[in-house]
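**Student:** coords please:
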Amino acid sequence: MRLFHLLIVSALLLSGCTDRSGSAVDPDRDEHTMTYTCYASGFRVDNQGTYSVVQVLDPWQQSKDVIFSYLLAPNREMLPDSLRNLPFIKTPVKRVIALSTTHVAMIDQLGSAESIVGLSGTGFIYNSSIRERIKSGAVKDVGYGQGLDYETIVRLKPDVLFLYGVEGNVMTTLEKLTDLGIPAVFCGEYLETHPLGKAEWIRFFSLFYEKEEQSDRFFNQIDSAYRALSGLASSVIPKPEVLNGLPWKDTWYMAGGESFAAQLIEDAGGDYLWSDNPSSQAVPLDLESVYLRAVNADIWINPGAATGLSDILLLDERLGDLSVMEAGSVFNNNARSSAAGGNDYWESGTVRPDLILADLIGVFHPDLLTDHRFVYYRQLK
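**Tutor:** Numbering: from 1, shown residues only. Just a heads-up that it's a prediction; the model follows:
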């Protein structure tokens, strides 16, 4: 672990934005141009000094050339007449509604959790301070999907509602919110295929709170830590063969080779069994084809909601014949879970991919991080 600490120090000395290949990105651009992002591809920002134009790109699956633009400023009078037709958000926001737990994690990391007045699915929140606010009534549940409670949303009078959708029918929700006078902003962080791309959306959220410098410092630290860990694991041989996921009703929705999960496995020094698949989305496979490829896998991660090996066997007894099951080398990312089913991997883990990566290195190559304490992962018994 001392080697890891030296790598972190060295990376912090060289901290700064890099692209996906690790090459440095020069942030010294004209101040009136689209702000760079290091890894995230789903948003961009045009900072004009007194106001910013924020664009969100293709914010749901299979969307193409879909762009939503928003104007952010402390005062509407700062806006040019040519842009006054765009949705306007007065900053800094004081009252927000978040429809995803990842939004909660980013807002909390900015030190602005007290601004959250409404959530979708309050029972799935892991953050203890937010759960206390829910219990006290300071945060209301506003429903989910097509079952949004619009009366509660209107009553909460949010400065902004952070919206996300899996399919294009979410436009119906946006139209309803717009008719009610609720400022709604699309977020597409869940579509990012690089772990640091998801984490970089903290820069997006910081714009609404006028905390850009704070988010930049935080993200640069996470970026440096992640790259140091990835560098530590990059040349280790042999690399364990890794199986990911769990079947659902006889179909195994396997993460594609260009996905978030595949990137984490690669960066942690693993050999993902479906790395040759060119998709960034989940690919439906039959159990038999997965079994044939994974029969001699070394490690199995992320087996759904399983809390023990017996839960996996209940799905299909044939899974017990996999070498990885016989060896007990099955690890799930639900070490930090609430009684109601909230999983902190999908909450704080979004802004701490470095901790997730450290956990996976601890699973794949325990000799590299000999005194590592797992945060999100645990071995199933």
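**Student:** give the residue spans of the stretch 251-381 of the chain that score low on pLDDT.
**Tutor:** Of all residues in the stretch 251-381 of the chain, none has pLDDT under 70.
**Student:** which residue packs closest to residue 263, ignoring adjacent ones?
**Tutor:** In this structure, residue 263 finds its nearest non-sequential neighbour in residue 194, 5.5 Å apart by C-beta to C-beta, 6 or more residues apart in numbering. The way it works is simple: take the backbone N, C-alpha and C, and place the C-beta from them, glycine included.
**Student:** residue 262 is in contact with that neighbour, correct?
**Tutor:** No - Residue 194 lies out of contact with residue 262 (C-beta atoms under 8 Å); the separation is 10.3 Å.
**Student:** who's more crowded, those two?
**Tutor:** Looking at residue 194 and residue 262 with other C-beta atoms under 10 Å, you find the greater number of neighbours at residue 262, namely 24 against 21.
**Student:** excluding sequence neighbours, find me the nearest residue to that one.
**Tutor:** residue 272 (5.0 Å).
**Student:** is the one you found bridged to anything, and to what?
**Tutor:** Beta-bridge pairing of residue 272 under DSSP bridges involves residue 242.
**Student:** contact partners for it?
**Tutor:** Applying C-beta atoms under 8 Å, 6 or more residues apart in numbering to residue 272 gives the contacts 242, 244, 257, 261-262, 265-266.
**Student:** then residue 239?
**Tutor:** Applying C-beta under 8 Å, 6+ apart, the residues near residue 239 are 269-271, 364.
**Student:** again with residue 262
**Tutor:** With the criterion set at C-beta under 8 Å, 6+ apart, residue 262 makes contact with 244, 255-256, 272, 274-275.
**Student:** quick check: of the residues you listed, which lies closest to residue 95?
**Tutor:** Lowest distance from residue 95 to the contacts of residue 262 (C-beta to C-beta) belongs to residue 255, with 36.4 Å.
**Student:** can you map out the strands along the stretch 201-350 of the chain?
**Tutor:** 241-244, 247-248, 251-255, 271-272, 282-286, 299-301, 330-332 (DSSP state E, counting those that start in this stretch).
**Student:** to residue 309, which of those strands lies closest?
**Tutor:** The nearest among the strands of the stretch 201-350 of the chain, by C-beta to C-beta, is strand 330-332 at 6.3 Å.
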